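Enquirer: what's the 3D shape of this:
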Amino acid sequence: MRHTATALLLGLGLGGGCGFALGCRADASGPAQAEVTVDASVGRDSGPVSEAADDSGTEVPQTCLSRGEYTSVQAIQGNAAHSPLDGRQVTTQGVVVKVSGADAIYPGFFLRALEDDLDPHTSEGLFVFTRQADATPGDVVIVRGEVEEYFDLTELKNVEEIAVCGRSLVHDPRPISFPLADGATLESLEGMLVRFEQPLYVDDLIGLRAHGEVLVTVAERAFSAHNGVGNSLASLSAQSLVLDDGRYDAPQGLSYGRDNGDIGLGDMAFGVEGVLVEAYGAYRLHPTSDVHFVRGPERRSALPPRTQAQSIRVAGFNVGNYFVTLGDRGAANDEELERQTTKLVEAIYGLDADVVGLVEVEANGSASIAALRTALNAAHFDARPVYTYVGIATSLPTMPVFLYRSDRVIAVGDPRLLVVPDTTARPSLVQSFSVVDNDGGNAGDGTFDVVLGHFRARICDTNATGQDADLGDGQGCYNRRRTLQAETAASFLATVSSGILLGDLNAYATEDPIEALASAGLVDLVARHVPGSSRYSAAYEGEVGYIDHALATPSLAGRVTGVAFWHINADEPTFSGYRISASDLYRPDAYRSSDHDPLIVDFRL
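Expert: Below you'll find the predicted structure:
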């Protein structure tokens, strides 16, 4: 059965009204009612469709029921989360708005009431579970079955009778928009055909490949609650739902987007129509027509050019476990390694940076970083040694390393590691750089120091005890250890004038490690220069945020001319990466080269 990655408990509703049914009218006798045309041509020769016979033996269509002869859809739904008639046999009547095939996760059809009860708390829609329905949209049918709450979806099951008694030519969707009117709930629209009057944005794609599911919301993105800007997924829960293709088996291709996999976070669709259901902890919309997404404004946005010709560009990039040792953390085989290398080469080259700090590179001496450097120079510099590297391998599985353009900058002195005492935390890498003069040597001025950090991950394990345990404040495990890493980096940067800390710090903007760095006098360059809508470098469980940072000493911060995330990874679906399982969607480009977006900083000398 289907389960979305992030369960949503949503509530929504809309006031009742007249205007969606054929011949809808208000009169003194009660609520508006649809006029139904009885047509002998709608009789069915197969399936459980009931027909009557006159005295001559000629079959005639079933006559539709009058008010009072059946239980209305609204009475079955009730005005609460569950039906007041759960478990009871009922006969109801309505117009078919959507039919699902026998192989669908919801085989059967959706009814809409023929009349509106003008109660904003009751739905005019109902699902009928059957694999033998012989009905089409627009048919008016009489149905007898048992009311059931199936994973929170009100439905009729054990259907004994389905009789087509007429046609209703008008069954337009109910237009809705978020936020809804006070007191309205999505429960009051369960089973109904609806149309969203505002764009819906892709928020999570984790279920798309396997289940045909996309989490959508009315905000371009949901941000981590600790990101400092933007709405969290929790705050958007009442304005979010799951697009579900309704198929029981995994889709053969992509249910949404285009066949080349061009769909990502922040993409938007307009005028989405479908029937609304509640199932498996979320409200879900089963589209009744194709859903076409267009690319959002942040996704794949161009990296800004250097603001000044004489500026220096540094970048930080988590490369997502680049291991030439196959079958460990990165590529599983030679083909995957070649694909991963190609994507990373295009990403690093596209940064046009003088110094790139890379983390999650295999610490197997220099074999992995040498392979990446060789591939980069071969692809774009005719194998000339334009990019070179410096780093220090430790006993840990990965190492931080600097790739730098030897025709633009020169490494000054030896690299060093900033070790956090009495912990197994990953040490940060420090290297001084200076500009290359016209003769290829050290220009003698403009020296700057770069600290490359990869702080302890937030994930909990059996070693996360005491202050390293999850304290329930949303900062995950090992927050104290990350804070110690931040304090160690800050202590070093206090000794230099032009210094910058780059890297995956595994902490959001308002969390303790970043606040410790700010308290030490370092300037958060992302917070100062990057617009709020673009402050993200990674996505996790339906939320984005920036855990990749750039913080500088005041002297260097005053000379910064540009800061930007290059959104090539966080928005992209995982199945468009280098893994063979996504071979039909792989492209030899920078997109989904990792799970983190790189961050660039330009500054004057």
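Enquirer: so who does Ala315 touch?
Expert: Neighbour list for Ala315: 351, 353, 355-357, 502, 598-601 [criterion: Cβ atoms under 8 Å, 6 or more residues apart in numbering]. (Glycine included, C-beta is placed from N, CA and C.)
Enquirer: that one sits in which helix or strand?
Expert: strand 312-322 (DSSP states H and E).
Enquirer: most neighbours, which of the contacts of Ala315?
Expert: Gly357 (32 neighbours; other Cβ atoms under 10 Å).
Enquirer: where does it fall, phi/psi-wise?
Expert: phi -90, psi 120 (degrees, to the nearest 10).
Enquirer: now do the contacts for it.
Expert: 314-317, 400-402, 429, 450, 452, 502-503.
Enquirer: could you list the low-confidence segments of the chain?
Expert: 1-62, 169-170, 182, 251-253, 257-261, 309, 438-445, 582-584 (pLDDT under 70).
Enquirer: what comes up buried for the longest strand along it?
Expert: The longest strand of the chain (DSSP state E) is strand 153-167. Across strand 153-167, burial judged by 16 or more other Cβ atoms under 10 Å covers 153-156, 159, 162-167.
Enquirer: so where do the strands sit in the stretch 201-350 of the chain?
Expert: 213-217, 240-244, 268-269, 273-279, 282-287, 312-322 (DSSP state E, counting those that start in this stretch).
Enquirer: okay if I get those strands as CSV plus distance to Ala367?
Expert: Putting the strands of the stretch 201-350 of the chain into CSV (distance: least, Cβ to Cβ, whole Å) gives the following:
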stretch, distance to Ala367
strand 213-217, 40
strand 240-244, 44
strand 268-269, 44
strand 273-279, 50
strand 282-287, 46
strand 312-322, 11
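Enquirer: can I assume Leu551 sits in a helix?
Expert: No: applying DSSP: H, G, I helix; E, B strand; the rest coil, one finds Leu551 to be strand, outside a helix.
Enquirer: that one against Gly499, yeah?
Expert: No: in this structure, Leu551 is not within contact of Gly499 by Cβ atoms under 8 Å, at 9.4 Å.
Enquirer: quick revisit: out of the contacts of Ala315, which are inside helices?
Expert: Counted as lying in helices by DSSP state H, out of these, are Leu351.
Enquirer: which ones among the contacts of Ala315 map onto strands?
Expert: 355-357, 502, 599-601.
Enquirer: so which pair among those is furthest apart in space?
Expert: Spatially, the most separated pair among these is Val355 and Leu599, at 12.5 Å (Cβ to Cβ).
Enquirer: Asp589 and Trp566: what is the separation?
Expert: Asp589 sits 13 Å away from Trp566, going by Cβ to Cβ, to the nearest Å.
Enquirer: which one's more surrounded, the two?
Expert: Ranked by neighbour count (other Cβ under 10 Å), Asp589 and Trp566 place Trp566 first, with 21 against 14.
Enquirer: touching, the more buried one and Ile600? I think so.
Expert: Yes: counting by Cβ under 8 Å, Trp566 does reach Ile600; the two are 6.7 Å apart.
Enquirer: so what sits against both of these two?
Expert: Contacts common to Trp566 and Ile600, judged by Cβ under 8 Å, 6+ apart, are 303, 351.
Enquirer: ok, the nearest residue to Ser289 once chain neighbours are set aside to Phe433 distance?
Expert: Spatially, and ignoring its direct neighbours in sequence, Ser289 is nearest to Glu273 (5.6 Å; Cβ to Cβ, 6 or more residues apart in numbering). Glu273 sits 56 Å away from Phe433, going by Cβ to Cβ.
Enquirer: quick one, which of these two is more surrounded?
Expert: The residue with more neighbours, out of Glu273 and Phe433, is Phe433; 25 against 19, by other Cβ under 10 Å.
Enquirer: given whichever strand or helix holds that one, what are its sheet partners and their directions?
Expert: Taking DSSP H and E as the criterion, Phe433 maps to strand 428-435. Strand pairing for strand 428-435, determined by DSSP bridges: strand 409-418 (antiparallel), strand 448-454 (antiparallel).
Enquirer: with only the CA atoms kept, save the helix or strand following the last one in PDB.
Expert: Think strand 448-454. Using DSSP H and E, the helix or strand that follows strand 448-454 towards the C-terminus is helix 479-493. C-alpha atoms of helix 479-493 as PDB (Å, rounded to 0.1, in the frame of the first residue of the first chain):
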ATOM      1  CA  ASN A 479      24.700  19.300  18.400                       C
ATOM      2  CA  ARG A 480      27.300  19.800  21.200                       C
ATOM      3  CA  ARG A 481      30.000  18.300  19.100                       C
ATOM      4  CA  ARG A 482      29.200  20.500  16.100                       C
ATOM      5  CA  THR A 483      29.300  23.500  18.400                       C
ATOM      6  CA  LEU A 484      32.800  22.500  19.600                       C
ATOM      7  CA  GLN A 485      33.900  22.200  15.900                       C
ATOM      8  CA  ALA A 486      32.500  25.700  15.300                       C
ATOM      9  CA  GLU A 487      34.300  27.100  18.300                       C
ATOM     10  CA  THR A 488      37.600  25.500  17.200                       C
ATOM     11  CA  ALA A 489      37.200  27.100  13.700                       C
ATOM     12  CA  ALA A 490      36.300  30.400  15.200                       C
ATOM     13  CA  SER A 491      39.400  30.300  17.500                       C
ATOM     14  CA  PHE A 492      41.700  29.900  14.500                       C
ATOM     15  CA  LEU A 493      39.900  32.600  12.400                       C
END
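Enquirer: thought Arg405 was touching Asp354?
Expert: Yes: with contact defined as Cβ under 8 Å, Arg405 counts as touching Asp354 (5.2 Å).
Enquirer: neighbour count: these two, which is higher?
Expert: For the pair Arg405 and Asp354, the greater number of neighbours falls to Asp354 (21 against 18), based on other Cβ under 10 Å.
Enquirer: pretty sure the more buried one is touching Arg408, no?
Expert: Yes: the pair Asp354 and Arg408 passes the contact test of Cβ under 8 Å, sitting 4.6 Å apart.
Enquirer: excluding residues flanking it in the chain, which one is nearest Val401?
Expert: Here the residue nearest Val401, using Cβ to Cβ, 6+ apart, is Gly391, at 3.2 Å.
Enquirer: thinking again about what came up before, let me see the contact set for the residue nearest to Ser289.
Expert: Here Glu273 is in contact with 173, 193-196, 287-289 (Cβ under 8 Å, 6+ apart).
Enquirer: now Glu346: how far from His380?
Expert: 9 Å.
Enquirer: then Val147?
Expert: Taken as Cβ to Cβ, the span from Val147 to His380 is 66 Å.
Enquirer: list the buried ones in stretch 290-305?
Expert: Buried residues in stretch 290-305 (16+ other Cβ under 10 Å): 291, 293, 296, 298-301, 303.
Enquirer: repeat for stretch 117-134
Expert: Result for stretch 117-134 [16+ other Cβ under 10 Å]: buried residues 117, 120-130, 133-134.
Enquirer: so who does the residue nearest to Val401 touch?
Expert: Counting by Cβ under 8 Å, 6+ apart, Gly391 makes contact with 361, 366, 369, 399-402, 415, 429.
Enquirer: tell me the one of the buried residues of strand 153-167 nearest Val526?
Expert: Nearest to Val526 among the buried residues of strand 153-167, with distances taken as Cβ to Cβ, is Leu153, at 43.5 Å.
Enquirer: helices of this structure, residue ranges please.
Expert: Counting by DSSP H, the helices of the chain are 73-77, 208-211, 334-351, 367-380, 479-493, 512-519, 525-529, 554-557.
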